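[1] coords below, sequence missing:
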């Protein structure tokens, strides 16, 4: 079969790779319906994370069950399934606590930009839809497997409440999905920090009420202006840089919450500053599995359409162009069709 | 009048100081009923915080209203009042959000180890009891003005829930009060990290179910053993050192919460580690004013007795001995009687 492999920063190739197959009785193999490139894939692509040796890429997927291992009893070949970028048995203590992305048997997905994908922990990771959904829903369901689930987690971790004010830091696909989540959770005011016109437009479509184009301390000052000098109830940090985290912490009001969902790169939080800010801070890889049934339902009933974050569709064999377009910010997110 | 003044590390003197008086129409002056020495007073006493010039000490108090400013209409001379170490107008946006210790007009108390005390923002800071409480309740009410309120906040910030497991890091007066709070909030299991027998005893009296004497990573390993390898639902960090914070973060389960209420000294939290831990982190100066009516009621009805943390009572003029006894860990907390 063929799939995407990163050889070095800037060098992603679509090439022959080992066939996806059942390695453990808890595995399934799916035939990819659609997959995509993630903002986090750009870290190694840009050399911000090392690529010691060539390896497959991709962790977002929806597809058709091709084969299941002996212990996978809940699924059968042909079913359309949505999963999470973090696999989980959905039975351990952490899973029962609702943190499936900290499952004791967790394996992160990493080979999804391919024609077929092996899914570890299939029984506890996948959710099948009722029949095969209309193709128009596939992008939305694909978004649910990562960026929409992650945006939802950002809003939950930042404790978005009905009637509250939420700030979203980051206008990538996760940030845009975080706008959807904040809106669904009842935020009355949703302020998005963005300086890219097409993203601002989509943010407004998703429910943003205000756009702030300033960054850093200027951006913080603007947030304060918009919130009677106090700061926002909730801030959803969807980038992962030290600057974004600082901006997020400074934009929240005393007693407010910051949810951070971008994998932090060289971020350190000063204890004394956090103390006197009174801000609550919670982040991590999104427990997407917990949200799957609900988010799949919201997509299939047309209540939300996170699939709109895909503004570029390519055949899977042009995956390299997907990386380039996102790296150059020509595209928010690239959908890949096998 | 006379009060405690710190001149240098290890050098606290009881001496003549400026009389407490009304400086603003929002002030009150109280005659001290009882006051005390706080664990946080030991930071400058031990030289861990600089003492640039001699200054008064103390931020815990209960007393009798002596005089009120023109804008203080809720109180009259003779009333017995309890306040917070952080004064608040109790009307600003932060106060309305329940974070009175981030009041826009906040002034921290700092002159309470004295015969009389000026209380800024008196109207929004003080709560009067119904008549003068029996003297046996004074220590408990004094504890409410800081350590009991702070322990309560630790439990709230760590999101203690009925039936949950809570770990308390620190066996000082705040840690011991945090045990009371965790118990009142319904924690089923309360594990206290302590290696001091008298404190262990009091912790058990307050509701601790387990004592862990190990520290650092050994202590964390012991907590993991006691929690099926997962960690605690809530950890209440009541120290403020880098070691205590690390211990707290490592003791919480994925998705658990850490409340930190010791003012952090050289504490930095690694973003990536916090991210992958899935732990929520919230701290700050306790919003004691929010808790006052409830905690005063719990003390006066005999439901809780945080006054037990005072294991040394001294005349106010022997305040220096109170510092010495606490510094040498001969006393948990010293009560001072004018």
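    Here it is on my side, so go on. Just so you know, these numbers come straight off a predicted model, no measurement behind them.
[2] Now the residue nearest in space to the middle of chain A. Nearest residue, chain neighbours left out?
    The residue lying closest to the centre of chain A (CA atoms, centre = their mean) is residue A:147, at 2.3 Å. Nearest residue to residue A:147, sequence neighbours excluded (CB to CB, 6 or more residues apart in numbering or on different chains): residue A:173, at 4.4 Å. Bear in mind the C-beta positions are built from the backbone N, C-alpha and C, glycine included.
[3] cool, residue A:91 as well?
    Excluding the flanking residues, the one nearest residue A:91 by CB to CB, 6+ apart is residue A:124, at 6.3 Å.
[4] need the residues of the stretch 201-338 of chain A near chain B, please.
    Proximity of the stretch 201-338 of chain A to chain B, by CB under 8 Å from any CB of the partner chain, involves residues A:228, A:230, A:242, A:245, A:253-255, A:260, A:263-272, A:274-285, A:287.
[5] What's the nearest residue in the stretch 51-200 of chain A when you look at chain B?
    Nearest residue of the stretch 51-200 of chain A to chain B, counting by CB to the nearest CB: residue A:102, 3.5 Å away.
[6] State the pLDDT value of that residue.
    Residue A:102 is assigned a predicted lDDT (pLDDT) of 98.
[7] Then residue A:48?
    89.
[8] got the phi/psi numbers for it?
    In terms of degrees, to the nearest 10, the main-chain angles of residue A:48 are phi -80, psi -20.
[9] I'd assumed residue A:265 was in contact with it.
    Yes. Assessed by CB atoms under 8 Å, residue A:48 is found in contact with residue A:265 at 6.5 Å.
[10] So for these two, which sits in the more crowded spot?
    Set residue A:48 next to residue A:265 and count neighbours by other CB atoms under 10 Å in any protein chain shown: residue A:265 wins out with 16 against 13.
[11] Which strand residues bridge the more buried one?
    residue A:241 (DSSP bridges).
[12] Which of the three states applies to residue A:255?
    Put simply, residue A:255 is strand when judged by DSSP: H, G, I helix; E, B strand; the rest coil.
[13] residues touching it, list them.
    A:278-280, B:94, B:97-99, B:102, B:287 (CB atoms under 8 Å, 6 or more residues apart in numbering or on different chains).
[14] How about residue A:93, nearest residue that isn't a chain neighbour?
    residue B:230 is the one closest to residue A:93 (CB to CB, 6+ apart), at 4.8 Å.
[15] Now name the helix or strand holding that neighbour.
    Per DSSP states H and E, residue B:230 falls between elements, in no helix or strand.
[16] Give me the neighbour count for it.
    Residues contacting residue B:230 under the criterion other CB under 10 Å number 21.
[17] residues contacting it?
    Counting by CB under 8 Å, 6+ apart, residue B:230 makes contact with A:93-94, B:224, B:253-254.
[18] Between these, identify the one with the most neighbours.
    If you rank the contacts of residue B:230 by neighbour count (other CB under 10 Å), residue B:253 sits at the top with 26 neighbours.
[19] Could you pull up the contacting residues of the spatially closest residue to that residue that is not a sequence neighbour?
    Excluding its sequence neighbours, the residue lying closest to residue B:253 (CB to CB, 6+ apart) is residue B:231, at 3.5 Å. Contact partners of residue B:231, counting by CB under 8 Å, 6+ apart, are B:223-224, B:250-254, B:256.
[20] Look up phi and psi at the residue nearest to residue A:147.
    phi -60, psi -40.
[21] neighbours around it, how many?
    The burial count for residue A:173: 32, using other CB under 10 Å.
[22] Find me the pLDDT at it, would you?
    For residue A:173, the predicted pLDDT is 97.
[23] show me where the stretch 101-250 of chain A has strands.
    A:116-119, A:127-128, A:165-169, A:189-193, A:210-212, A:232-237 (DSSP state E, counting those that start in this stretch).
[24] what's in contact with the last one?
    With contacts defined as CB under 8 Å, 6+ apart, strand A:232-237 is touched by A:151, A:154-155, A:158-161, A:164-170, A:175, A:178, A:181-182, A:187, A:191, A:223, A:244-245, A:247-249, A:251-253, A:256-262, A:283.
[25] pLDDT of it, averaged?
    In this model, strand A:232-237 has a mean pLDDT of 98.
[26] Give me the buried positions along it.
    Neighbour counts over strand A:232-237 (16 or more other CB atoms under 10 Å in any protein chain shown) mark A:232-237 as buried.
[27] how close does the residue nearest to residue B:253 sit to residue B:328?
    According to CB to CB, to the nearest Å, residue B:231 and residue B:328 sit 34 Å apart.
[28] Ok, residue A:170 next?
    Residue A:170 is 52 Å from residue B:328, where distance means CB to CB.
[29] Also residue A:225?
    Following CB to CB, the distance that separates residue A:225 from residue B:328 is 52 Å.
[30] what's the answer for residue A:88, then?
    Plainly put, residue A:88 is 51 Å away from residue B:328 if you go by CB to CB.
[31] Mind checking which of the two has more residues around it?
    Per other CB under 10 Å, whichever of residue A:88 and residue B:328 has more neighbours is residue A:88, with 28 against 8.
[32] Doesn't the more buried one lie inside a strand?
    No. Using three-state DSSP, the assignment for residue A:88 is coil, not a strand.
[33] What score does it have for pLDDT?
    Per-residue pLDDT puts residue A:88 at 98.
[34] excluding its backbone neighbours, what's nearest residue A:97?
    Sequence neighbours aside, residue B:255 is the residue nearest to residue A:97 in space, at 5.1 Å (criterion: CB to CB, 6+ apart).
[35] Quick check: that neighbour vs residue B:247, distance?
    Counting by CB to CB - residue B:255 and residue B:247 are separated by 19 Å.
[36] before we move on, what about residue A:127?
    According to CB to CB, residue A:127 and residue B:247 sit 38 Å apart.
[37] Compare the two and say which one has the larger neighbour count.
    Ranked by neighbour count (other CB under 10 Å), residue A:127 and residue B:247 place residue B:247 first, with 25 against 19.
[38] Please report how far the more buried one lies from chain A.
    Per CB to the nearest CB, to the nearest Å, residue B:247 is found 14 Å from chain A.
[39] quick one: contacts for that residue?
    By CB under 8 Å, 6+ apart, residue B:247 lies in contact with B:169, B:193, B:215-216, B:219-220, B:237.
[40] how about 7 Å then?
    B:169, B:216, B:219-220 (CB atoms under 7 Å, 6 or more residues apart in numbering or on different chains).
[41] Out of those residues, which is nearest to chain A?
    residue B:169 (13.9 Å).
[42] What's opposite that closest one in the beta bridge?
    Here residue B:169 sits in beta bridges with residue B:193, residue B:237, going by DSSP bridges.
[43] Next one, pLDDT for it please.
    Model confidence at residue B:169 (pLDDT) stands at 98.
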